[in-house]
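In: task: produce atomic coordinates for the following.
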Amino acid sequence: MPARARELGLTPGTLPPGSLNAITDVAGVHVGHATLHRGENIRTGVTAILPHAGNLFREKVRGAVHVANGFGKLVGSTQVNELGEIETPILLTSTLNVPRVADAVLDYMLALPGNQDVRSVNPVVGETNDGQLNDIRGRHVSHAEVLQAIQGARSGPVREGSVGAGTGTIAFGWKGGIGTSSRRTPAGHTAGVLVQSNYGGELSICGVPVGRQLNKDAAQDNADGSILMVVATDAPVDHRQLLRLAARTVWGLARTGSAGSNGSGDYGIAFTTHRRAPTLSNDEMSPLLLAVIEATEEAIYNSLFQATSVTGNGRTVHALPIPETSLILRRHGALR
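Out: Numbers count the residues shown, from 1 in each chain. Model (predicted):
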């Protein structure tokens, strides 16, 4: 059974995780998946992140989007940054499924009680390209899977690895997927991160060059992949401060050995569940910024450690070999 980073003895960073070490440590946040693993070539899915379980159009949350490298399709991002608000669940999926998922989100939002007179909705849908393992041209995610992910979203532990939007993804040449982690600040605020990892580089874990020592030339295997990183917090922060938090996901990404290649779509999406003013001062932001960096780093590790090997499109992508990886980390003193 795959283990999470901390179950192996890794303790990335300095801040403590929340009780679940997941994005759902932020009260009110729900996560749901729909996984498509059919026949020989369909290996895809959709993941939904709900800032709260109510009507998000009527109870919008403050939000922001940071674009580190814009080789991707992130529906709704310009309005989020123009108005500083998110008004739908955040959906992650496969590249060519984005329009279909966005259309299904519209169906879901327009059908909610109280939205009968709504004439404009801004769905937020991001993607990575799972075309190496999945029949991406088939665009197999339907309205049914989107509704399954949204309506099945729950608080509590989050399924990770080769599920939902991470079903067909690859990271560092190994099987990537969904991963999550959280951190608590000394002031008592929580920051949680969920990632959809699908990118290249040379895998580094807590500063240890694991990819090199496994003799994995992952920069060539998956150089032009992408990653979506979603940040949730309960801290009293505004749009400008959320932009800073969303940008810090890239610092966590860099710690893992990302190549940041030309074809990599790297995005951070951040929101807060806190509704009232005042907001934190600039000087009070540092622990929260660090929390996002550390949670992003560990979420990526969890996406790898929790993934299982997947065969699709005539290709097998293996999960990261945990025994060998643990041996390398132990040799370098990275395991407690």
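
In: quick one, strands of the stretch 1-150 of the chain?
Out: 30-38, 42-50, 61-70, 85-86, 90-94, 124-128 (DSSP state E, counting those that start in this stretch).

In: need the winner for burial among those strands.
Out: Sort the strands of the stretch 1-150 of the chain by mean neighbour count, taking mean count of other CB atoms under 10 Å, and strand 90-94 sits at the top with a mean of 30. For the C-beta atoms, the positions are set from N, CA and C on the backbone; glycine is no exception.

In: so what does that strand touch, helix or strand wise?
Out: Packing contacts for strand 90-94, counted by 3 or more CB pairs under 8 Å, 6 or more residues apart in numbering; DSSP states H and E, involve strand 42-50, helix 98-111, strand 124-128, helix 143-151, strand 226-233.

In: now the strands of the stretch 1-150 of the chain in TSV, with mean pLDDT and distance to Asn198?
Out: TSV is the format used below for the strands of the stretch 1-150 of the chain (pLDDT from 0 to 100; distance: least, CB to CB, whole Å):
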stretch	mean pLDDT	distance to Asn198
strand 30-38	98	15
strand 42-50	98	12
strand 61-70	98	13
strand 85-86	98	23
strand 90-94	99	10
strand 124-128	98	4
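
In: ok so, going back, TSV please, covering the helices and strands packed on strand 90-94 and showing distance to Ser258.
Out: Formatted as TSV, the helices and strands packed on strand 90-94 follow (distance: least, CB to CB, whole Å):
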stretch	distance to Ser258
strand 42-50	20
helix 98-111	22
strand 124-128	13
helix 143-151	27
strand 226-233	8
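
In: which one of these lies closest to Arg58?
Out: Proximity to Arg58 (CB to CB) singles out helix 98-111 among those, at 10.2 Å.

In: what helices and strands are in contact with that closest one?
Out: Taking 3+ CB pairs under 8 Å, 6+ apart as the contact cut, helix 98-111 packs with strand 90-94, strand 124-128, helix 143-151.

In: just send those back as TSV, with distance to Asp107 too.
Out: Converted to TSV, those look like this (distance: least, CB to CB, whole Å):
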stretch	distance to Asp107
strand 90-94	12
strand 124-128	13
helix 143-151	6
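
In: quick one: closest of the ones you listed to Gly333.
Out: Closest approach to Gly333 among those (CB to CB): strand 124-128, 33.0 Å.

In: need the residues that contact the closest one.
Out: Contact with strand 124-128 is made by 63, 72-77, 80, 86, 88-95, 97-98, 101-102, 105, 165, 169, 196, 198-199, 225-228, 265, 267, 269, as judged by CB atoms under 8 Å, 6 or more residues apart in numbering.

In: what about Ala3, neighbour count?
Out: 14 (other CB atoms under 10 Å).

In: would you mind measuring from it to Pro89?
Out: Ala3 is 29 Å from Pro89, where distance means CB to CB, to the nearest Å.

In: swap in Gly168?
Out: Distance from Gly168 to Pro89, by CB to CB: 21 Å.

In: tell me which of those two has more neighbours.
Out: Neighbours of Gly168 and Pro89, each counted by other CB under 10 Å, are more numerous for Gly168; the result is 32 against 26.

In: my guess is that one meets Arg38, correct?
Out: No: taking contacts as CB atoms under 8 Å, Gly168 lies outside contact range of Arg38: 11.8 Å.

In: so what's His332 up against?
Out: 207-208.

In: can you pull the pLDDT of it?
Out: With respect to pLDDT, His332 scores 95.

In: equivalent analysis for Asn215, please.
Out: Looking at Asn215, its pLDDT stands at 79.

In: from Leu304, how far off is it?
Out: With distances taken as CB to CB, Asn215 is found 17 Å from Leu304.

In: now for Leu194, how many residues are close by?
Out: For Leu194, using other CB under 10 Å, the count is 32.

In: again, but for Thr233
Out: Look at Thr233: counted by other CB under 10 Å, it has 30 neighbours.

In: not counting sequence-adjacent ones, nearest residue to it?
Out: Excluding the flanking residues, the one nearest Thr233 by CB to CB, 6 or more residues apart in numbering is Ala191, at 4.6 Å.

In: identify the bridge partners of the one you found.
Out: Per DSSP bridges, the residues bridged to Ala191 are Arg183, Thr233.

In: which ones are touching it?
Out: Taking CB under 8 Å, 6+ apart as the criterion, Ala191 is in contact with 26, 182-183, 185, 231-233, 235, 245, 288, 291-292, 295.
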